[in-house]
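Q: Quick one: sequence plus predicted model below, questions after.
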Amino acid sequence: MTDILELDGNQRRHLINVQQIFNVWREARTELRRAGGMHWKTGANGHRYLYATLGRKERSLGSASPEAEQIFAAHTQQVDALKSRVEQSRQALDKTARVSKALYLGRLPTIAARILRKLDDAGLLGGSLLVVGTNALFAYEAGTGVLLGDTLIATEDLDLLWDPRHRMSLLVAEGSEAGVLGLLQQVDKSFKKSRPYQAANDESYLVDLIRPMVANEMFKQPPRLSEADDEFDPAPIDGLAWLVSAPRYEDIAIAEDGLPARIVTVDPRAYALHKLWLSRRGNRRGLKRARDFEQARAVAELAVKWLDLSFQDTALTALPVELMQGVAELEAFLALEKSP
């Protein structure tokens, strides 16, 4: 039997409340970034001009005039209101943190949560980058209102799947010349590349960048993550193209420090089928195969019993035969779990 514990009423109410506050905080931060800035400049002719800025881009809105003054005043008022909303919601989240920990809802490793919030701020999470591996389980937990056994969720690394259909030009455009590594170092200055596709911090926490393997991989120039000088070279791995093409799934999980983070990953059915496929791979180490198998069963159970999803859904038709061959086995397991 899968080790799954349902949240009680207090835990559910608190989790929903935290998620709602986090959404307010995140939306206000997004609006604040999009609002950009405005300032006045005095030209060589002594006239004042109004400029709007967004990232590194700057454009003139014309010389000083009553209309320009109104635009500047309205923008200032908008930005002040957004800053106030960000601060108020941040303070509300801080107040919920202690309760979240007391209710045993802090599950996601704190360092992973901080990295995910930084990637989300940069607009990369859910587009260019997806969370795969064990950290995806925290999204499924949050979405179903359950807690999985510690042996299923224990992890000391973060696997990020790059969708090569998305280039990360945004990073350089916003000034993060070091690309993803630069963002990691904004979270923890000790992060350094330990391998071309991997970074580690002083506490040996690992972040791996992986991507789908392309046809004739050895004879092609590998795609670049971004144009940043010191960028990761994501490791090509067979079978990841299936996950890139799978439907997305996202939810808000709470980290060990009590603060939430958004996780964007793949549909739990695709995750379960992929983990089952991995557990059958001959080149997969024995310990990993066993864990893949248990995670496949657990996530399949969450998908069907708690999210009311079906493995017969047409949304999964894009998945290859190699993965869909596992449907019968997972459905048989779920039927066995359901029987008295």
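A: In hand now; what should we look at?
Q: From now on I want contacts and neighbour counts done on CA atoms only, so please keep to that.
A: Fine.
Q: Taking the chain centroid, which residue in this structure is the extreme one?
A: For the chain, the residue at maximal distance from the C-alpha centroid (CA atoms, centre = their mean) is N45, at 49.5 Å.
Q: And the helices in this structure?
A: For the chain, the helices defined by DSSP state H occupy 9-35, 66-102, 110-121, 136-144, 150-153, 169-173, 179-187, 240-245, 268-279, 286-301, 321-324, 327-338.
Q: Adding mean neighbour count and distance to F311, write these out as a markdown table.
A: Converted to a markdown table, these look like this (neighbours: other CA atoms under 10 Å; distance: least, CA to CA, whole Å):
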| stretch | mean neighbour count | distance to F311 |
| --- | --- | --- |
| helix 9-35 | 17 | 27 |
| helix 66-102 | 16 | 33 |
| helix 110-121 | 20 | 29 |
| helix 136-144 | 24 | 16 |
| helix 150-153 | 14 | 22 |
| helix 169-173 | 16 | 36 |
| helix 179-187 | 20 | 35 |
| helix 240-245 | 18 | 15 |
| helix 268-279 | 24 | 7 |
| helix 286-301 | 20 | 9 |
| helix 321-324 | 15 | 9 |
| helix 327-338 | 14 | 7 |
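Q: With respect to these, which exhibits the lowest mean confidence?
A: Lowest mean pLDDT within the helices of the chain: helix 169-173, a mean of 44.
Q: how much space between P212 and P234?
A: Counting by CA to CA, to the nearest Å, the gap from P212 to P234 is 9 Å.
Q: got it, and R29?
A: From R29 across to P234, the span is 29 Å (CA to CA).
Q: just R285 next, same as before
A: With distances defined as CA to CA, the gap from R285 to P234 amounts to 21 Å.
Q: Show me which of those two is the more surrounded one.
A: Just comparing R285 and P234: by other CA atoms under 10 Å the higher neighbour count belongs to P234, 23 against 10.
Q: doesn't V207 make contact with the more buried one?
A: No: counting by CA atoms under 8 Å, P234 sits too far from V207 to count as a contact (10.9 Å).
Q: contacting residues around T134?
A: 152-155, 158 (CA atoms under 8 Å, 6 or more residues apart in numbering).
Q: Quick check: of those residues, which lies closest to E301?
A: When those are ranked by distance to E301 (CA to CA), L152 comes first, at 13.5 Å.
Q: pretty sure that closest one contacts F293?
A: No: with contacts counted by CA under 8 Å, L152 stays clear of F293, the gap being 10.3 Å.
Q: in stretch 46-58, what's buried?
A: Within stretch 46-58, the residues that qualify as buried are 49-52, counting by 16 or more other CA atoms under 10 Å.
Q: Between the two ends of it, what distance do you get?
A: Counting by CA to CA, the length from the leading to the trailing residue of stretch 46-58 is 20 Å.
Q: which residues are contacting it?
A: 33-43, 59-64, 68, 72, 173-175.
Q: are any of those residues buried, and which?
A: A residue is treated as buried here by neighbour count (16+ other CA under 10 Å); on that basis the buried members of the contacts of stretch 46-58 are 35, 37-38, 63, 68, 72.
Q: can you put those in TSV and add distance to G127?
A: What follows is the buried ones among the contacts of stretch 46-58, written out as TSV (distance: CA to CA, whole Å):
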residue	distance to G127
A35	21
G37	26
M38	29
S63	39
A68	36
F72	33
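Q: ok, so of those residues, who is nearest V244?
A: A35 (31.6 Å).
Q: contacting residues for the closest one?
A: Counting by CA under 8 Å, 6+ apart, A35 makes contact with 54, 75, 79.
Q: Tell me the one among the contacts of T134 nearest to S89.
A: Scanning those for proximity to S89, where the rule is CA to CA, the winner is L158, at 27.3 Å.
Q: Now that closest one: closest residue in space that isn't a chain neighbour?
A: Counting by CA to CA, 6 or more residues apart in numbering, the nearest residue to L158 once its immediate chain neighbours are dropped is V207, at 4.8 Å.
Q: Check whether the one you found really touches E156, as I assumed.
A: No: using CA under 8 Å, V207 is not in contact with E156; the gap is 9.1 Å.
Q: higher neighbour count, those two?
A: For V207 versus E156, the count of surrounding residues by other CA under 10 Å is larger for V207: 24 against 15.
Q: do you know how far D3 is from E294?
A: From D3 to E294 the distance is 10 Å (CA to CA).
Q: quick one, what contacts L148?
A: For L148, the contact set (CA under 8 Å, 6+ apart) comprises 3-5, 141.
Q: Just put the contacts of T134 in a markdown table and tack on distance to P164.
A: What follows is these, written out as a markdown table (distance: CA to CA, whole Å):
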| residue | distance to P164 |
| --- | --- |
| L152 | 29 |
| I153 | 28 |
| A154 | 29 |
| T155 | 26 |
| L158 | 19 |
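Q: pLDDT at Q221, what is it?
A: Looking at Q221, its pLDDT is 65.
Q: Compute the number of surrounding residues for the residue nearest to R117 when sequence neighbours are not counted.
A: Closest residue in space to R117, ignoring its immediate chain neighbours: A261 at 6.0 Å, by CA to CA, 6+ apart. If you count neighbours by other CA under 10 Å, A261 ends up with 26.
Q: and what of the one 4 residues further on?
A: Burial of T265 is recorded as 29 neighbouring residues (other CA under 10 Å).
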